[in-house]
Structures are given as C-alpha cells and as structure tokens.
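Participant: need the 3D shape of this:
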Amino acid sequence: MHLLSASKRVLRSLGMRTSSSVLSPVSANVRRTLQALSPRHPAQVIVLGFLAAIGVGTTLLMLPNAKQGPGGATFLEALFTATSAVCVTGLITVDTPVFWTEFGHVVILALIQIGGFGVMSFGALLGVLVARRLGLRSRLSAAAETKSTGFGDVRRVLLGVLTFSLVTEAALALILTLRFMGGYGYDAGRAAWEGVFHSVSSFNNAGFALYSDSLMGFATDPWVCLPIAAAVIIGGLGFPVLFELRRQYRRPIHWSMNTKLVLAGSGVLLFVGTVFITLVEWTNPATLGAFRPGERVLAGFFQSVITRTAGFNSIDISQMHPVSWMGMDIMMFIGGGPAGTAGGLKITTFAVLFFILLAELRGDTAVNIFGKRLSRAVHRQAITVVLLAIALVTASTMFLMLITDFGQEQILFEVVSAFATVGLSTGITAAMPPAGQVVLILLMFIGRLGPVTLGVALALRPRPVLFEYPKERPLIG
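Facilitator: Model prediction:
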C-alpha cells in the first residue's frame, strides 16, 4: 500500500513536471504570437475600432426587423449603409425612409453618433464614465483621434466634446421639432424624432435624411435650412477650433495658426461656393431657376455649406450643370476642419499648400503664416496627403469607368463624394455593380480615417534611419 502511494506520488510529480516542461514553451509561443498580432500603434487601434463598429452595424442592419417587408437586407446593402453611417458620409444604395424600419433608423442614428464622435474616442469615453479611468492604450488612441496635445488632457477633451455635441444637437433638435410641428403639422412624436435624427445627422456631417428626396421639400424654408447649415458649419470646424474659440473668443491675436486657417478658409470657401453655385444654376429650371431670387440665394448658400462636408441636398444634384459638379468636386475634396466631423482633406492641408506655393513664388526661404513660421515637417505631411488622395481618386475613377457605362463627370463626382465622406450623389450609387459599391465602401473608410493614418496602421513597424545620403537637386520644371 505504501509502495503504491509512493508510486502515485512519483508519477504525479513526473506528470506535472512533464506537462509543465511541455506547456511552458507552448504558452510562451502563444503569448509571443498574441503580442505580435496585437496592435501597437494608435493608428492600428483606430482602424480596428472603425472596422469593429462597421461589423457590428452591418450585423444589426441584416436582422429581419431592421428592414421593411419580409426577409432581411443583403450583406452588401447592410455593409454599405453601416460604412456610410460610421464614416458619416451619407451615400446610400437603398432609400433610407422606405427600406429601413424604425429599428434600422435607430441603428443608423447610433452609428452616425459613434462615427462622428470617433470610435476610439467613444470607447475611451465609456472608460471614463464607467471605470473613471483610462488605460495608456485608450489615451494614446483617443489622443491620436481627437488631436489632443497631451495624454493628461484626453479625459477633459472627451468630456468637452461630448458636452458640446449633445448641447448643440439638442438645441438644433428643439428648433427643428418646433418648426415641424408649427409649420408642417407633424404630431409631437414624429416632429421630435425627425428633429433628433436630422440634428444628429447634421452636426456629425452625415447627411442621412428621413425623406426620399433628402431636404428638397424644405429648399425655400429658412427655418429648416439655416439651422441645419449652422450645425454643419459648427461640426465642420473641428473640436480644437471650437474649444479655442470658447476659451479665447475675445482675443483673436492669441488664436493658433490652426484656428486662423480654419476660420479664414471656411469663410472664403462658403462665400465663393455660394456665389459659384448660385450663378451657375441661376437660370437652370430643374434646380434654382424654379425659385424666387431670395430663395435661389438661400438654396445656393445651403448647397455650398453642404457640399464641403455633409450629404444633404435641397436641389436635385443629378440635374445640375456639369460645371457645377466640377466646382463641387473641388469643394468636397477640400472639406472642413481637422479633428471634427467634417470630411475631405481638410482646409488646413490646402491652406498650407497655398502658402508653400506663395512662398516659392516669392522666393522666401521659409513659409510664414499669420506671423508664424511653418514647420518643414508639415510641408511633407500636406504634400503626402494630397498626392495619396489624388492617386486614390484617380485610380478609383478609372476603375469605375471600366466596369460601368456612366459618364466621367458622374463617376468622378461619386468617387470624390465617397472619399471626402460628403455623401452627395448624382443618382448612380444604387445603380453601381457590386464591385463598384465595394470600391465606394473602401473610399469612405479610407477617407474617414485619412490615407496617412491608414498607411501608418498598415505599416509593420517604424524603421529609424541611422544615416543620411548625400544631398543633390534635380531640375524642376
């Protein structure tokens, strides 16, 4: 008996030693594999966060109770809508008010709010509200997404963004609700729901509407168009600009270069866009020509505001002059302010390129903007972003021209609208073949994250350069 017990103890100890000797290297290998696969750079975390949000949204929109009628939405229909909502674009392949149920509309609204706020910022905010703390990775991701200046202010920035967003959306929702009730006879429930939906869609520059013709039914109503335009402009300025204006609105001399560029660029683009669209479409009976003079200016101003970042339309885009499409392509491509809900390559990017061009023409040794010298690293960033965007838009346009029969003007408009996450359409998105819709999905995703952010996320690891090559200058021009 004692011999048997001793034998069992020996075997048990041998087994334990054997299993530990076998499992220890295996567990170490698994641990190393998981560490290698886990995202290390904040850009990688942001990309994965947006992918996860799109995946969840696609799954919810494929549920039978998200679609009107029998059955559920197809995978491509749900994926396109979820991507458009998370990326706050507004392009659609199905009629939003007719195709989706109220549950589907709630899902779209939630995706717009999360996408506009920022997926990683939203996740970090939940950590602040629930756990009262933020981990290092959450701070890094949220700081990268909100363009915070340091890790210590991330929590304050997130709470400030949340408060400002909710207050602005609530104010606009109240205005729209009262207008829908008093001016159009909606009952309180419908007026409130549509007020909230269009308020969130406006401030987040998404452009989703609960009307099949978007906002064409309100083209001459300033009580609907002007508040929505104001929300789009505010959301498109970017949170860094809004916070700085709140702190130092009485001291413009202390504003940062970013704030001055965004405000000046926005004012110029709004004025030029309004004049351009109004003049080109003034006599077009299918767009502005059917309105009275004052209403034409209102509609021209509204479309100028919307074109740079949001996907609403108060006139029929498909009936506009091709010259208008070309001008709107430029406005969409430029977009709004950085670190906000706007799309495009951002006003600051093009302003930097403009001042670089101006300095080169003048023969200046440095680029000076508003009494400050521009960092040379910003030169390279702006040029990189623009060249990558032009290459992507050109390649996508050429591919869609190969697989569809639509004209170049329409395809280019659709591609720029998707990449700039604007959401305006000449009416050909739904008629695109599946491959074409997949291209637009990728453009919306890349456009929301930014070509450089996506490129950094896909890079395996940074490689520091420990040497420099000899300098030489080729002939230019």
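Participant: helices or strands next to whichever strand or helix holds residue 193 in the packing?
Facilitator: When elements are assigned from DSSP states H and E, residue 193 belongs to helix 188-203. For helix 188-203, the elements it packs on are helix 102-117, helix 154-184, helix 222-237, judged by 3 or more CB pairs under 8 Å, 6 or more residues apart in numbering; DSSP states H and E. All C-beta atoms are positioned from the backbone trio N, CA, C, and that covers glycine.
Participant: turn those into TSV, columns for mean pLDDT and distance to residue 329.
Facilitator: Converted to TSV, the helices and strands packed on helix 188-203 look like this (pLDDT from 0 to 100; distance: least, CB to CB, whole Å):
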stretch	mean pLDDT	distance to residue 329
helix 102-117	92	23
helix 154-184	88	28
helix 222-237	94	18
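Participant: restricting to C-alpha, output stretch 300-318 in CSV.
Facilitator: Extracted in CSV, the C-alpha atoms of stretch 300-318 (Å, rounded to 0.1, in the frame of the first residue of the first chain):
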residue,chain,number,x,y,z
GLY,A,300,-27.3,78.3,-53.2
PHE,A,301,-25.9,79.0,-49.8
PHE,A,302,-27.3,75.8,-48.3
GLN,A,303,-25.8,73.7,-51.0
SER,A,304,-22.5,75.5,-50.7
VAL,A,305,-22.4,74.6,-46.9
ILE,A,306,-23.4,71.0,-47.5
THR,A,307,-21.1,70.4,-50.4
ARG,A,308,-17.9,70.7,-48.4
THR,A,309,-18.8,68.0,-45.9
ALA,A,310,-22.4,66.8,-45.5
GLY,A,311,-24.7,64.8,-47.8
PHE,A,312,-28.0,66.6,-47.7
ASN,A,313,-29.3,68.3,-50.8
SER,A,314,-32.1,70.8,-51.2
ILE,A,315,-32.0,70.8,-55.0
ASP,A,316,-31.7,67.9,-57.5
ILE,A,317,-28.0,67.1,-57.8
SER,A,318,-28.5,65.0,-60.9
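Participant: tell me which residues of it come out buried.
Facilitator: 300-317 (16 or more other CB atoms under 10 Å).
Participant: now the helix holding residue 193 and helix 154-184, what's the angle there?
Facilitator: With axes from the mean of the first three to the mean of the last three CA atoms, to 10 degrees defining the directions, helix 188-203 sits at 130 degrees from helix 154-184.
Participant: and helix 188-203, how far out from the chain's middle?
Facilitator: 21 Å (CA atoms, centre = their mean, to the nearest Å).
Participant: average pLDDT across that helix?
Facilitator: Taken as a whole, helix 188-203 carries a mean pLDDT of 96.
Participant: try stretch 251-266
Facilitator: Mean pLDDT, computed over stretch 251-266, is 89.
Participant: what's in contact with that stretch?
Facilitator: The contact list for stretch 251-266 (CB atoms under 8 Å, 6 or more residues apart in numbering) reads 233, 236-238, 240-241, 244-245, 248, 334, 336-338, 347-348, 350-352, 369-370, 372, 374.
Participant: mind checking which of those are buried?
Facilitator: In those, the ones that pass as buried (16+ other CB under 10 Å) are 233, 236-238, 240-241, 244-245, 334, 336-338, 347-348, 350-352, 369, 374.
Participant: what is the neighbour count of residue 110?
Facilitator: 17 (other CB atoms under 10 Å).
Participant: contacting residues around residue 245?
Facilitator: By CB under 8 Å, 6+ apart, residue 245 lies in contact with 255, 259.
Participant: please pull up the helix or strand immediately following the helix or strand harbouring it.
Facilitator: Residue 245 is part of helix 239-248 when elements are defined by DSSP H and E. Using DSSP H and E, the helix or strand that follows helix 239-248 towards the C-terminus is helix 257-281.
Participant: please state the offset of stretch 416-424 from the chain centre?
Facilitator: The chain centre lies 9 Å from the centre of stretch 416-424; the measure is CA atoms, centre = their mean.
Participant: let's number from 356 now, not from 1
Facilitator: All right, first residue 356 from here; so that's stretch 771-779.
Participant: and that stretch, how far apart are its ends?
Facilitator: End-to-end span of stretch 771-779 (CA to CA, to the nearest Å): 9 Å.
Participant: residues contacting that stretch, please?
Facilitator: By CB under 8 Å, 6+ apart, stretch 771-779 touches 439, 442-446, 560-563, 661-668, 672, 683-684, 687-688, 690, 698-700, 744, 747-748, 751, 768, 780, 795, 798-799, 801-803.
Participant: what about residue 566, how many residues nearby?
Facilitator: 15.
Participant: same deal with the one 5 residues further on?
Facilitator: By other CB under 10 Å, 16 other residues sit near residue 571.
Participant: now do the contacts for it.
Facilitator: 668, 669, 670, 671.
Participant: check contacts around the last one.
Facilitator: Looking back up the chat, that one is residue 671. Residue 671 neighbours (CB under 8 Å, 6+ apart): 571, 641, 642.
Participant: how about the second one?
Facilitator: Shown here is residue 669, whose contacts under the criterion CB under 8 Å, 6+ apart are 569, 570, 571, 573, 574, 580, 654, 657, 658, 661.
Participant: now these in a markdown table, with distance to residue 620?
Facilitator: A markdown table is the format used below for the contacts of residue 669 (distance: CB to CB, whole Å):
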| residue | distance to residue 620 |
| --- | --- |
| 569 | 26 |
| 570 | 25 |
| 571 | 29 |
| 573 | 28 |
| 574 | 27 |
| 580 | 23 |
| 654 | 23 |
| 657 | 19 |
| 658 | 19 |
| 661 | 17 |
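Participant: would you mark the buried spots in the helix holding residue 548?
Facilitator: For helix 543-558, burial by neighbour count (16+ other CB under 10 Å) applies to 546-558.
Participant: run through who's touching it.
Facilitator: Contacts of helix 543-558 (CB under 8 Å, 6+ apart): 445, 460, 464, 467-468, 471, 520, 523-525, 527-533, 535-536, 541, 561-565, 583, 586-587, 589-590, 665, 667, 696.
Participant: buried ones among the residues you listed?
Facilitator: Counted by 16+ other CB under 10 Å, the contacts of helix 543-558 give 445, 460, 464, 467-468, 471, 520, 523-524, 527-528, 530-532, 535-536, 541, 561-565, 583, 586-587, 589-590, 665, 667, 696 as buried.
Participant: could you find the closest non-adjacent residue to residue 437?
Facilitator: Computed as CB to CB, 6 or more residues apart in numbering, the closest residue to residue 437 that is not its neighbour in sequence is residue 412, at 3.3 Å.
Participant: for that neighbour, give me its contacts.
Facilitator: 433, 436, 437, 440, 441, 462, 466.
Participant: just to be sure, it is in a strand?
Facilitator: No. Using DSSP: H, G, I helix; E, B strand; the rest coil, the assignment for residue 412 is helix, not a strand.
Participant: how near is it to residue 468?
Facilitator: Separation of residue 412 from residue 468 (CB to CB, to the nearest Å) stands at 12 Å.
Participant: just for this structure, where's the confidence low?
Facilitator: 356-398, 474-510, 806-820 (pLDDT under 70).
Participant: give me that answer again for 80
Facilitator: Residues of the chain meeting the criterion pLDDT under 80: 356-402, 472-516, 594, 598, 604, 694-696, 805-822, 826, 828, 830-832.
Participant: quick one: closest of the helices and strands packed on helix 543-558 to residue 761.
Facilitator: Checking the helices and strands packed on helix 543-558 against residue 761 by CB to CB gives helix 457-472 as the closest, at 26.5 Å.
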